[in-house]
Every structure is written in C-alpha cells, then in structure tokens.
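# 3D, please:
(one chain, ligands or ions: 1)
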Amino acid sequence: MAFLSSRVGRAKISASASSAQRTRELRAVGRDIIGLSQGEPDFDTPEHIIEAAHRAMRDGRTRYTPVDGTPELKQAIVAKFHRENGLAYQAENISVGAGGKQILYNALMATLDPGDEVVIPAPSWVAYAIMTEFAEGVPVWVTTRSENDFKLTAGELDAAITPRTKWLMLNSPSNPTGAVYSADELRALAAVLERHPHVWVLADDIYEHILFDGRRFSTFAEVAPQLADRILIVNGVSKTYAMTGWRLGYGAGPSSLIQAMARMQAQCSLNPSSISQAAAVAALNGPQDIVAQRSAEFEARRDAVVALLEASPGLTHTRPHGAFYVYVSCADWIGRSTPAGQRLANDEDVTAYLLESGVAVPNGAGYGLSPYFRLSFATSLPTLHEACRRIEIAGASLN
Ligand SMILES: Cc1ncc(COP(=O)(O)O)c(C=O)c1O
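Below you'll find the predicted structure:
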C-alpha cells in the first residue's frame, strides 16, 4: 500500500511554478536567466497599506478572526462592489480567504462530486483544471480561437454543457492571454446559461484593474443580474495592490454557497491572517489613484513587448487588452532544429530551448492550448527589452 494518497498525483505542479523553480536552480549555479514566469506585479505594496498592517499588529489585532473574514473587511468588500461594480451584496454574501486561489479551492471543494464537470475555456489559468481534478471533478477544456482573441463564444459554451456541468470558469482580463470580454460578449454567454439553470459561473475578476486601450471592465453579475443566484465572483488584493505575498482574496455569491465555502476553510486553515485582513481594509477603503497609475505602467510595458515580439520572426500573438501576460504562438518554431541539433517537437521543447537561451517562460500545454508560451511583462522595461532580444536571437538561430 502506497503511503502517499492518489490525491497527490492529481495536485500537479503548474508550468509557471516549475519554470520559476528551474530559473532559481539555474541562477543558483551562476546562469544568467531572465525570469518571465511570474504572475505578480513587481511593484511594492503601497505605504499606507503597510502602515495599516503595522497599526493592526500594535493594536493587538493578532488573534483568530471569524473564519471567512472580519466584519470590517466584509464591509469594505461590500463597499468595493457597490462603488466599482454597481453590485449590492451584503456581508453574508462575502467570503475572505488566503488569496483568490483559496476562494476558488473552497468553491470547488464545496460543490464538486466525483464526475461533475467544469467548463474551462482553453487557454486558461492552470489552477482551474488542476483544482477541478483535485476535487474529483472533470475539466472540460473548450478550445477558443485566436481570431476571437481566445474568448469563449455562445456556441462553444452551449456545445460544452452536459447534464453533469456544474461550473463555467470565466476570467477577464485573462491569464494567460490578456483578453477582455465586453459587456455584450458576456450577455451572449448569459443567454446560453439562462437555458441551462444547473450551470453556475465562477467569474474570476482578479485582473479587474489592469486594463488597457481605454477598455471598460464588466463583471458577469453586473451584465447578467438575472443569474445572480448562480454567480460566484473571485477577486482579491494580490494584483490590484501588489499584495501577492499577503495572501488575501475574496469571493461574493449566494449566501448558501458562501456558508458551504466557510465550512471547507474551517477544516483547512481557519481565517486568513488578521494582519493581512487589516491591510486589505486599508487597500480597499484607501486612495485608489495608484491603481490606475500602475495599470498605465503595465500598458507601456505591453506596448513595448508586443512591438518587440512583432519584430521576432516566427512568433505571433493576439494583443493583450488587460492583465500582464502575452500568449505567444511558437507554431512556426515547431519541427525546426536548435544550433545544438535538437528538433523542437512541442512547446515544452521550445521553452526548454528558451531557457538555454536565457529566458524562462512557461509553455502553453498547462494552459490547455499548444504550441504557445506565456510571457509575463510584470517586470521592468530594460529587462523586457533584453528578454525579447534573447528570444529574437533564439528564433533567428533555428535551422
Ligand atoms: C486568473 C487568476 N485568478 C486568480 C489568481 C489568484 O491570485 P491570489 O491567490 O494571489 O489572489 C491568479 C494568480 O495568479 C490568477 O492568475
């Protein structure tokens, strides 16, 4: 009898995590590697948020809190949804966890029975499929088309739904493509879901505030209020306020689901850090000007990166309109040979070759669509220039 459970086998390590790990290993032996795997802003957490955390510690807010969030933080989240999204949630609709990732985890653990299906547009953030499998559900990848900016269409959604479907995962702006759904596109999906009352939507809004080209953010519950009783919004402070390490995310949805999610969390980790919760109150209730400033900074980096990639022969991409990733097709590199004579058979080979060339990026397979790699532009412009130069040389060196 094996000591480790079969569950461990389902908890796969994501491509971005293994790419980041490989980068650390190579750097440790002195290799010059530019890491573009990271899914986090390179900015610092704003000062007033750090101050709020200090105050919380000094004021003795160092004890257990209610499992899924302090009343103060839930009120700040309720106010955020009202102010930014025009949504009228109550505290009973709010769940706070150690990151958006824990909210997602709680939701899937609280709702999936073995064999239940989760519709995941491909490409999508790796965690959706891994967590679905972990919770004994079945990921149903639906391949989207680059001509449609990798956005799921009503027809594609309709064809993927079965009597076993429990969730549709919807992420806008998207990791890994930067695609942003318009209100009309969301309405078209809502029309399909109206015909399938057993399907819920998990609207992952974590990149809500990183938006380019004057795009307006719409969340699913705002455009489809008629579906409010089967929508769970996932959001958090990680990306908006450069607080990835604080581990603080939140969800909003029907109170019956919120209560079930709290029961999952209660048997796992109890409340997220009381200090991080106090910091999140300051983030949500405090000045918001830095959010737009940072988004503008990401937009300048996006502009630079897409211009550099366009100059790289053999690589194509769709233009990201939000988040801080570009999903690069390396289809033209497949079948070609590296200067060392290795034939590139798939996108895993491509990212291994890029690593040899000094750039770490995760390959597309984990995101559900190959042959691609994801490039994060959440790093400085000089670093991005050097990385793209190395990528271009790597491409030009192929036979
Ligand atoms: C699409 C998406 N959703 C949710 C998250 C979760 O972020 P966190 O757990 O830091 O709140 C991430 C993090 O990379 C993400 O890319």
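# could you give the bridge partners of residue 249?
Beta-bridge partners recorded for residue 249 (DSSP bridges): residue 97, residue 236.
# contact partners for it?
Taking C-beta atoms under 8 Å, 6 or more residues apart in numbering, we find residue 249 in contact with 96-103, 206, 234-238. Backbone N, C-alpha and C define where each C-beta goes, glycine included.
# cool, residue 81 as well?
When contacts are counted by C-beta under 8 Å, 6+ apart, residue 81 touches 87-89, 233, 252.
# same check, this time on residue 387
In this structure, residue 387 makes contact with 34, 36, 359, 375, judged by C-beta under 8 Å, 6+ apart.
# ok, now how distant is the second one from residue 52?
It stands for residue 36. For residue 36, the distance to residue 52 (C-beta to C-beta, to the nearest Å) stands at 32 Å.
# out of those two, which sits in the busier spot?
Comparing residue 36 with residue 52 by neighbour count (other C-beta atoms under 10 Å), the higher total belongs to residue 36, at 29 against 19.
# now the strands for the chain?
Listed from the start of the chain, the chain has strands (DSSP state E) covering 34-35, 94-97, 117-122, 138-143, 165-171, 200-204, 231-236, 249-252, 316-317, 325-329, 359-360, 372-376.
# mind putting these into JSON lines with distance to residue 382 and mean pLDDT?
What follows is the strands of the chain, written out as JSON lines (distance: least, C-beta to C-beta, whole Å; pLDDT from 0 to 100):
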{"stretch": "strand 34-35", "distance to residue 382": "10", "mean pLDDT": "93"}
{"stretch": "strand 94-97", "distance to residue 382": "36", "mean pLDDT": "98"}
{"stretch": "strand 117-122", "distance to residue 382": "34", "mean pLDDT": "98"}
{"stretch": "strand 138-143", "distance to residue 382": "36", "mean pLDDT": "98"}
{"stretch": "strand 165-171", "distance to residue 382": "30", "mean pLDDT": "98"}
{"stretch": "strand 200-204", "distance to residue 382": "31", "mean pLDDT": "98"}
{"stretch": "strand 231-236", "distance to residue 382": "29", "mean pLDDT": "98"}
{"stretch": "strand 249-252", "distance to residue 382": "32", "mean pLDDT": "98"}
{"stretch": "strand 316-317", "distance to residue 382": "21", "mean pLDDT": "96"}
{"stretch": "strand 325-329", "distance to residue 382": "18", "mean pLDDT": "98"}
{"stretch": "strand 359-360", "distance to residue 382": "14", "mean pLDDT": "96"}
{"stretch": "strand 372-376", "distance to residue 382": "16", "mean pLDDT": "97"}
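# all helices of the stretch 151-300 of the chain, in order?
With helices called from DSSP state H, counting those that start in this stretch, the stretch 151-300 of the chain shows them at 154-160, 183-194, 220-223, 255-266, 274-285, 289-310.
# and the fifth one, is it in reach of the ligand?
In other words, helix 274-285. No: applying C-beta under 6 Å from any ligand atom, one finds helix 274-285 separated from the ligand by no less than 10.8 Å.
# one step back: closest to residue 177 out of the strands of the chain?
Shortest separation from residue 177 across these is recorded for strand 325-329, at 4.5 Å, computed as C-beta to C-beta.
# just checking that closest one against the ligand, any contact.
No: contact check for strand 325-329 against the ligand, using C-beta under 6 Å from any ligand atom: none in range, with a minimum separation of 8.5 Å.
# so what touches that strand?
Contacts with strand 325-329, where a contact means C-beta under 8 Å, 6+ apart, come from 39, 123, 146, 150, 175-178, 302, 305-306, 309, 315-318, 320, 364, 367, 369, 371-377.
# ok and the residue in the stretch 51-200 of the chain nearest the ligand?
residue 99 (2.7 Å; C-beta to the nearest ligand atom).
# rewinding a little: nearest to residue 75, of the helices of the stretch 151-300 of the chain?
When the helices of the stretch 151-300 of the chain are ranked by distance to residue 75, counting by C-beta to C-beta, first place goes to helix 274-285 at 8.4 Å.
# quick check: which helices or strands does the closest one pack against?
Here helix 274-285 touches helix 47-58, helix 71-85, going by 3 or more C-beta pairs under 8 Å, 6 or more residues apart in numbering; DSSP states H and E.
# state the mean pLDDT of the longest one.
Translated: helix 71-85. Model confidence over helix 71-85 averages 98 on the pLDDT scale.
# buried residues in the helix or strand of the chain with the lowest mean pLDDT?
Here the helix or strand of the chain ranked lowest by mean pLDDT, DSSP states H and E is helix 15-28, holding a mean of 83. Along helix 15-28, the positions that meet the burial threshold by neighbour count (16 or more other C-beta atoms under 10 Å) are 15-16, 18-20, 22-23, 26.
# who in the stretch 201-350 of the chain is up against the ligand?
Taking C-beta under 6 Å from any ligand atom as the criterion, the neighbours of the ligand within the stretch 201-350 of the chain are 204, 206, 236, 238, 244, 249.
# related to what we said a few turns ago, okay, the helices of the stretch 151-300 of the chain in a markdown table with mean neighbour count and mean pLDDT next?
Converted to a markdown table, the helices of the stretch 151-300 of the chain look like this (neighbours: other C-beta atoms under 10 Å; pLDDT from 0 to 100):
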| stretch | mean neighbour count | mean pLDDT |
| --- | --- | --- |
| helix 154-160 | 16 | 98 |
| helix 183-194 | 17 | 98 |
| helix 220-223 | 22 | 97 |
| helix 255-266 | 18 | 98 |
| helix 274-285 | 23 | 98 |
| helix 289-310 | 16 | 96 |
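# now those as JSON lines including distance to residue 59?
Rendered in JSON lines, the data for these read as follows (distance: least, C-beta to C-beta, whole Å):
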{"stretch": "helix 154-160", "distance to residue 59": "48"}
{"stretch": "helix 183-194", "distance to residue 59": "42"}
{"stretch": "helix 220-223", "distance to residue 59": "35"}
{"stretch": "helix 255-266", "distance to residue 59": "25"}
{"stretch": "helix 274-285", "distance to residue 59": "9"}
{"stretch": "helix 289-310", "distance to residue 59": "25"}
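# which residue packs closest to the one residue sitting closest to the centre of the chain, ignoring adjacent ones?
When C-alpha atoms, centre = their mean is applied to the chain, the residue found nearest the centroid is residue 175 (4.8 Å). The shortest distance from residue 175 to any residue that is not its chain neighbour, by C-beta to C-beta, 6 or more residues apart in numbering, is 4.6 Å, and that residue is residue 125.
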